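Student: The following comprises the amino acid sequence and a computationally predicted model.
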Amino acid sequence: MTLTSRFPTSLIEQFSKRFFLHALAGVSALLATSMVLAAPADTYPERVIRLVVPFPAGGPTDIVARPLAHDLSALLKQTVVIENKGGAGGAIAADSVAKSSADGYTLLVGTVGTQAINAALYKKLPYDPAVDFTPLGVVAAAPVAIVVNAKSPYQTLADLVAAAKKKPSAISFGSAGNGTPGHLTGEMFSTAAGIKFAHIPYRGSAPAVTDLLGQQIEVMFDPVQSVLPHIQSGKLRVLAISGAQRSSVLPQVPTVAESGYKQFEAEAWWAIYAPANLPPAIATLLSKNIAEIVASTSFRERLTNLGVTPVSIPPGPYAKFGRNEIEKWGKAVHDSGAQID
């Protein structure tokens, strides 16, 4: 008995039609999925890219981010906008980027704070710096400057230390926030010098600088680029910088190590990240363009004139670099005793 004789022709035709439509729908869905997977690499970027800066405008991270955004926009032929989102030592912005779609349209200007310090400093960090991001490259580094108001009685680092030893916890030091390079460098220096400051965290560098200029706080630890204009204008006095070598823009200023604290070195750095699981083709495109920007004469000149050193560490070598930084700063946090709930 044939299939036709067992079932009416009309029923077979209906079944065949339904089967064909279902099969066609399945093939269409498969093709659509393939197109979606392929589309980002072929057409990216199709719309505006957000470059999230985890601190307010005018701070050291913002200063690095703006020329980078300008040059990246030119290379990609697409608008790259800066979105400043401060709070919790950069953790709020970093967490928001970590939880964004991994499509290349939301990027983070990560810092040594958001990607290395916060993991040890915060008891309940909402993101994992080692897992929740796709690193696209380190772009810059800078020493931390120890600055006071020009009217301050502290002429040298030795003056500051002597006063702090006489008045434990009485001298206020400001930073751009908990977990920032300025905060931890201040804590590290306090430990090295055997002194204790009263730390006052701000929501970014700009308000801390304002209070230092107004003599509301006595000392500030912050990457050199955010305080350089005020040093050059004579409103602030720099006592030392935290780098291994003197700054090219402040050659007369000694390092902390030269001031009697041998082997003391701390440096802030900045890198670009996307959320984890960014499509490889987009990651390659972005990291290639970022490396090209860092190598460019114009970018290097703009940063070098501010005391910032352009640094290129691509995604491959970054894995080891990131692990080392988390370990290094984790030890610094532990040794300082700093901890935030």
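Tutor: Looks like it came in fine. Numbering: from 1, shown residues only.

Student: From now on I want contacts and neighbour counts done on CA atoms only, so please keep to that.
Tutor: Will do.

Student: so how far is stretch 186-194 off the chain centroid?
Tutor: Remark: stretch 186-194 is offset 24 Å from the chain centroid, using C-alpha atoms, centre = their mean, to the nearest Å.

Student: for stretch 302-314, same thing?
Tutor: Computed by C-alpha atoms, centre = their mean, the chain-centroid distance of stretch 302-314 equals 14 Å.

Student: do stretch 198-217 as well
Tutor: On C-alpha atoms, centre = their mean, the centre of stretch 198-217 falls 21 Å from the chain's centre.

Student: cool, and stretch 64-73?
Tutor: 14 Å.

Student: what's that stretch in contact with?
Tutor: The contact list for stretch 64-73, computed with C-alpha atoms under 8 Å, 6 or more residues apart in numbering, reads 51, 53, 79-82, 109, 140, 270, 289-290, 293, 299, 302-303.

Student: from those residues, which is closest to Val227?
Tutor: Closest approach between the contacts of stretch 64-73 and Val227, by C-alpha to C-alpha: Leu303, at 13.9 Å.

Student: Can you report phi and psi for Pro279?
Tutor: Torsion angles at Pro279 (phi, psi; degrees, to the nearest 10) stand at phi -50, psi 130.

Student: Near it, how many other residues are there?
Tutor: For Pro279, the neighbour count with other C-alpha atoms under 10 Å is 16.

Student: do you know how far it is from Asp42?
Tutor: With distances taken as C-alpha to C-alpha, to the nearest Å, Pro279 is found 11 Å from Asp42.

Student: same deal with Gly234?
Tutor: Taking C-alpha to C-alpha as the measure, Gly234 and Asp42 are separated by 52 Å.

Student: What sits closest to Leu278 if chain neighbours are left out?
Tutor: Ala102 (4.8 Å; C-alpha to C-alpha, 6 or more residues apart in numbering).

Student: The one you found touches Ile282, doesn't it?
Tutor: No: at 9.8 Å, Ala102 does not count as touching Ile282 under the criterion of C-alpha atoms under 8 Å.

Student: So Gly137 lies in a helix, does it not?
Tutor: No: judged by DSSP: H, G, I helix; E, B strand; the rest coil, Gly137 forms no part of a helix; its state is strand.

Student: residue contacts, it?
Tutor: 271-273, 287, 290-291, 312-315, 318.

Student: Compare those residues and tell me which is most surrounded.
Tutor: Neighbour counts for those (other C-alpha under 10 Å) peak at Tyr273, which has 31 neighbours.

Student: returning to what we had before: for the residue nearest to Leu278, grab phi and psi.
Tutor: Per-residue torsions, Ala102: phi -90, psi 70 (degrees, to the nearest 10).

Student: ok so, going back, take the contacts of stretch 64-73 and keep only those in strands.
Tutor: Among these, the ones falling in strands (DSSP state E) are 51, 53, 80-82, 109, 140, 270.

Student: and stretch 98-106, how far out from the chain's middle?
Tutor: That offset, for stretch 98-106, works out to 15 Å (C-alpha atoms, centre = their mean).

Student: Now do the helix or strand hosting Ile146, average pLDDT.
Tutor: Using DSSP states H and E, Ile146 maps to strand 133-149. Mean per-residue pLDDT for strand 133-149: 98.

Student: got a pLDDT number for the most centrally placed residue in the chain?
Tutor: For the chain, the residue nearest the mean C-alpha position is Gly110 (1.5 Å; C-alpha atoms, centre = their mean). For Gly110, the pLDDT comes out at 98.

Student: mind listing the helices for the stretch 51-200 of the chain?
Tutor: 60-76, 91-98, 112, 118-121, 157-166, 181-193 (DSSP state H, counting those that start in this stretch).

Student: looking at the ones you listed, which is closest to Ser175?
Tutor: helix 181-193 (5.3 Å).

Student: Return the list of helices and strands in contact with that closest one.
Tutor: strand 133-149, strand 172-175, strand 219-223, helix 315-336 (3 or more C-alpha pairs under 8 Å, 6 or more residues apart in numbering; DSSP states H and E).

Student: Next, the angle helix 60-76 makes with the first one.
Tutor: Taking axes from the mean of the first three to the mean of the last three C-alpha atoms, to 10 degrees, one finds that strand 133-149 is oriented at 140 degrees with respect to helix 60-76.

Student: Listing partners with orientation, what would you give for strand 133-149?
Tutor: Within its sheet, and counting by DSSP bridges, strand 133-149 is paired with strand 219-223 (antiparallel), strand 236-241 (antiparallel), strand 267-275 (antiparallel), strand 309-313 (antiparallel).
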